[in-house]
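Enquirer: what would the 3D arrangement of this be:
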Amino acid sequence: MSIFDAIKKSVLEGFSSEITVADIFFSVGVAFIAGLFILLIYRLTYKGVSFSRSFEGTLLMVCTTSALIVLSITSNLALSLGMVGALSIVRFRTAIKDASDTAFMFWAVAAGITAGAHYYILTLVGSLLIGFLTFLSLKIIGNYDPSFLLIVRAKTDTALEYAAKMLSENGFRYRLTSINSTADYNEAIYEISVGSRHSKLVSALKKIPDVTDVNLVDCRNAPV
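Expert: Predicted coordinates:
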């Protein structure tokens, strides 16, 4: 046997010739269980401004679909090469708002790939380990007061500048997210952590001359 025949034999032996119904149920089922666990960790650790239920469904679909793709390409060499070529031209242009969403997407893909390759123990144990470490680290990092959206509307730019100065002088952690100006009013929107001082903050901002409206919107994003 030549070296080329040996290489060909070793490559072909890596592909199973048949996919059984049990293989499909086990691979997709394990991927689905791992996907549900990923969704749980995502809900428990989410700290963004706008919670997206559609992204949750996307994580679950990516996890199970990845398992189905890997299950199919591990059964046939020609199909695997064709799938690689097909996936190479796919472009995903959906903007991801939070960097942590990208990490959860990769986690879902990894869980689906390992489940589709029949590494069920690796899928489950690996997901449990990643979930525990993710929950622990993000809870430690995100151990701060819940975020609110503060919307201040005033007649003049000077009033908005004074409102921002008041936030800084009173030690509030905030970030300007947008500012709007019309013929009738000027509006500034902040992402801010206020703790239990929200009522005092609203009252103090309303006392600023030329400030017409102050709104504080809870953005803790706990799904209901």
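Enquirer: which regions of this structure sit below the pLDDT cut-off?
Expert: Across the chain, the ranges flagged by pLDDT under 70 are 1-17, 47-51, 74-99, 141-146, 195-198, 219-224.
Enquirer: gap between the lengthiest helix in the chain and the chain center?
Expert: Counting by DSSP state H, the longest helix found in the chain is helix 21-45. For helix 21-45, the separation from the chain centroid amounts to 16 Å (computed by C-alpha atoms, centre = their mean, to the nearest Å).
Enquirer: which secondary structure elements does that helix sit against?
Expert: Applying 3 or more C-beta pairs under 8 Å, 6 or more residues apart in numbering; DSSP states H and E, one finds that helix 21-45 makes contact with helix 53-73, helix 99-116, helix 120-141. For every residue, glycine as well, the C-beta is placed using N, CA and C.
Enquirer: can you give me the angle it makes with helix 120-141?
Expert: With axes from the mean of the first three to the mean of the last three C-alpha atoms, to 10 degrees defining the directions, helix 21-45 sits at 10 degrees from helix 120-141.
Enquirer: what angle do helix 21-45 and helix 53-73 make?
Expert: Using the same axes, to 10 degrees: helix 21-45 against helix 53-73 is 150 degrees.
Enquirer: contacts for helix 21-45?
Expert: 56, 59-60, 62-64, 66-68, 70-71, 100, 104, 107-108, 111-112, 115-116, 118, 120, 123-124, 127-128, 131, 134-135, 138-139, 142, 223 (C-beta atoms under 8 Å, 6 or more residues apart in numbering).
Enquirer: report the buried members of the residues you listed.
Expert: 56, 59-60, 62-64, 66-68, 70-71, 100, 104, 107-108, 111-112, 115-116, 118, 120, 123-124, 127, 131, 134, 138 (16 or more other C-beta atoms under 10 Å).
Enquirer: how about the most centrally placed residue in the chain, nearest residue that isn't a chain neighbour?
Expert: What sits nearest the mean C-alpha location of the chain, by C-alpha atoms, centre = their mean, is residue 101, with 2.1 Å. Residue nearest to residue 101 in three dimensions, not counting chain neighbours: residue 55, with 6.4 Å by C-beta to C-beta, 6 or more residues apart in numbering.
Enquirer: distance check, that neighbour against residue 177.
Expert: 20 Å (C-beta to C-beta, to the nearest Å).
Enquirer: returning to that earlier point: will you turn the helices and strands packed on helix 21-45 into CSV that also has distance to residue 39?
Expert: What follows is those, written out as CSV (distance: least, C-beta to C-beta, whole Å):
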stretch, distance to residue 39
helix 53-73, 5
helix 99-116, 9
helix 120-141, 10
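Enquirer: of all those helices, which one is nearest residue 203?
Expert: helix 120-141 (32.0 Å; C-beta to C-beta).
Enquirer: restricting to C-alpha, output the closest one in CSV.
Expert: This file holds the C-alpha atoms of helix 120-141, laid out as CSV (Å, rounded to 0.1, in the frame of the first residue of the first chain):
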residue,chain,number,x,y,z
TYR,A,120,-22.1,14.5,24.2
ILE,A,121,-20.2,14.5,27.5
LEU,A,122,-17.9,17.3,26.2
THR,A,123,-21.0,19.3,25.2
LEU,A,124,-22.8,19.0,28.6
VAL,A,125,-19.8,19.1,31.0
GLY,A,126,-18.2,21.9,28.9
SER,A,127,-21.4,24.0,28.9
LEU,A,128,-21.8,23.5,32.6
LEU,A,129,-18.3,24.6,33.3
ILE,A,130,-18.5,27.6,30.9
GLY,A,131,-21.9,28.6,32.4
PHE,A,132,-20.6,28.5,36.0
LEU,A,133,-17.5,30.5,35.2
THR,A,134,-19.5,33.0,33.1
PHE,A,135,-22.1,33.5,35.8
LEU,A,136,-19.5,33.9,38.5
SER,A,137,-17.3,36.3,36.6
LEU,A,138,-20.1,38.5,35.2
LYS,A,139,-21.8,38.7,38.5
ILE,A,140,-18.5,39.8,40.1
ILE,A,141,-17.8,42.3,37.4
